[in-house]
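Peer 1: have a look; sequence and predicted model below, questions after that.
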Amino acid sequence: MKTGLSLLISFLCFLNMNAQSAKIDSEKLLEYYETQRYDDAARYLQSIYTENTQDIKGLSQIAYCYMMAGKLSDAEKSYLKINTIQPNNLSTLFSLASINSKRGNTSKAKSYLQQIIQMDSTSFNAYKQLAAYEDTPEARLKLLKKANTLNATDPDVAYDLSMVYRELKQYQQGYDILKTAISADPENFSLQQAQLPLSNQLGKYPEVIETGERLLKINADPNIINEMGQAYFYLKDYQKCINLYKMLEELGVQNEGTLYYMALSYRELKDYSKAAVYAQKTIDAAISDHTPLYYAALAGIYEAENKHHDAITAYKRGLTFGKNNIIYYRLGLLYDLNLKQVKNAVSYYQLYLKNKPDQEKENEQIAYARGRIAALTGIK
């Protein structure tokens, strides 16, 4: 490492054979680099170069040191000065893009990358980096395709592009992109794992199992098990499908999809009791704990529009997913104050109280429900 840095500094000094650069203590600067004291290196270089220096190499060294020290604002100032002295330098524009990306200034980062592409339409790294800033899969696709055309074996671009194709349900294209990259790097297990869901979508089930078994020896990733389980199901090896998904269940990482395949597999094996159990588990997994709240929100909107019967329908639909104090209380109010249906109002106020509302947080609602029950029934 010392030899390499010595050569670098000697080269920089050779390019700056003037009185100013001759003052640089190469050994001192080398020590700062070797010990990664980039902040000290930047201050030292600034003590050599004047504030108004036009020396590109000196400014580049200062900017680099500030960037390595994490002082991005100071690094940006130096690179901007370089860009003023020597506009449209690709290396400088990449550095400015990187700094703004790290600082969260996406618009500036994109602007610098777009400048690079205007100057060099074959800049692989510019297309690759710019794609990360796009919000839509269509926009990412255009940039990643260009980057992939320039370098079809880059694993990062191949992975990202395959994910976009998968999102757009263009499975064959995504599969082919990964196949090319994997051919160039057969030991890239991340690419092989990314290819599994695409292979499943294309009906390449034996391939999924073969690749999956090889990957499981390296890493028992639940996503690999999930894809293999699906492949076994479609190959009608239902017991192996169940065995794999049982592993996920034991790990506590089952989901709606794995439970569904287990239910279907048990059904195909004519084990109807277990099929029913897993069908119910599938239904339970598909229902969010927040579903009643979503219906309560919808009902509240209907109430605001004085659509009372629509509100009641929404509230009651929410209760089909489980007991909910908010809904009980709101139904009591709705029947009581808007529809004047005493029996229904009392019924829902009572359900609210029986469902053990929080005594501290819902003290006012509890008191109100009790008061209204007493007023409506005449029973204190």
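Peer 2: Perfect, thanks for sending it.
Peer 1: CA only for contacts and neighbour counts going forward, please
Peer 2: Will do.
Peer 1: now the helices for the stretch 101-250 of the chain?
Peer 2: With DSSP state H, counting those that start in this stretch as the criterion, the stretch 101-250 of the chain has helices at 106-119, 124-131, 137-150, 155-167, 171-184, 189-201, 205-216, 222-234, 238-251.
Peer 1: which elements pack onto the host helix or strand of K28?
Peer 2: Using DSSP states H and E, K28 sits within helix 26-34. Under the contact criterion of 3 or more C-alpha pairs under 8 Å, 6 or more residues apart in numbering; DSSP states H and E, helix 26-34 touches helix 2-15, helix 38-48.
Peer 1: in it, what's buried?
Peer 2: By neighbour count on 16 or more other C-alpha atoms under 10 Å, the buried set for helix 26-34 is S26, L29, L30, Y32, Y33.
Peer 1: what's the angle from it to helix 38-48?
Peer 2: When axes from the mean of the first three to the mean of the last three C-alpha atoms, to 10 degrees is applied, the directions of helix 26-34 and helix 38-48 differ by 150 degrees.
Peer 1: quick check: mean pLDDT across helix 26-34?
Peer 2: Per-residue pLDDT values over helix 26-34 give a mean of 88.
Peer 1: now stretch 136-145
Peer 2: 96.
Peer 1: hey, which helix or strand in this protein has the poorest pLDDT?
Peer 2: helix 2-15 (a mean of 43; mean pLDDT, DSSP states H and E).
Peer 1: after the helix or strand hosting T282, next one along is what?
Peer 2: T282 is located in helix 272-286, with elements delineated by DSSP H and E. Toward the C-terminus, helix 272-286 is succeeded by helix 291-304 as the next helix or strand (DSSP H and E).
Peer 1: buried ones in that next one?
Peer 2: Buried residues in helix 291-304, counted by 16+ other C-alpha under 10 Å: T291, P292, L293, Y295, A296, A297, L298, A299, G300, Y302, E303.
Peer 1: what does that helix rub up against?
Peer 2: Residues outside helix 291-304 that contact it (C-alpha atoms under 8 Å, 6 or more residues apart in numbering): 308, 310-315, 317-319, 321-322, 324, 326-327.
Peer 1: how much space separates S60 from I283?
Peer 2: 61 Å (C-alpha to C-alpha, to the nearest Å).
Peer 1: quick check: I209 touching N226?
Peer 2: No. When contacts are counted by C-alpha atoms under 8 Å, I209 is not listed as touching N226 (10.8 Å).
Peer 1: so who does S347 touch?
Peer 2: Shown in contact with S347 (C-alpha under 8 Å, 6+ apart): G332.
Peer 1: what's the helix or strand for it?
Peer 2: Using DSSP H and E, S347 falls in helix 342-354.
Peer 1: now do the buried residues in that helix.
Peer 2: V342, N344, A345, V346, Y348, Y349, Q350, L351, Y352, L353.
Peer 1: how about the third one: what's its closest non-neighbour residue?
Peer 2: Nearest non-adjacent residue to A345, counting by C-alpha to C-alpha, 6 or more residues apart in numbering: G332, 4.3 Å away.
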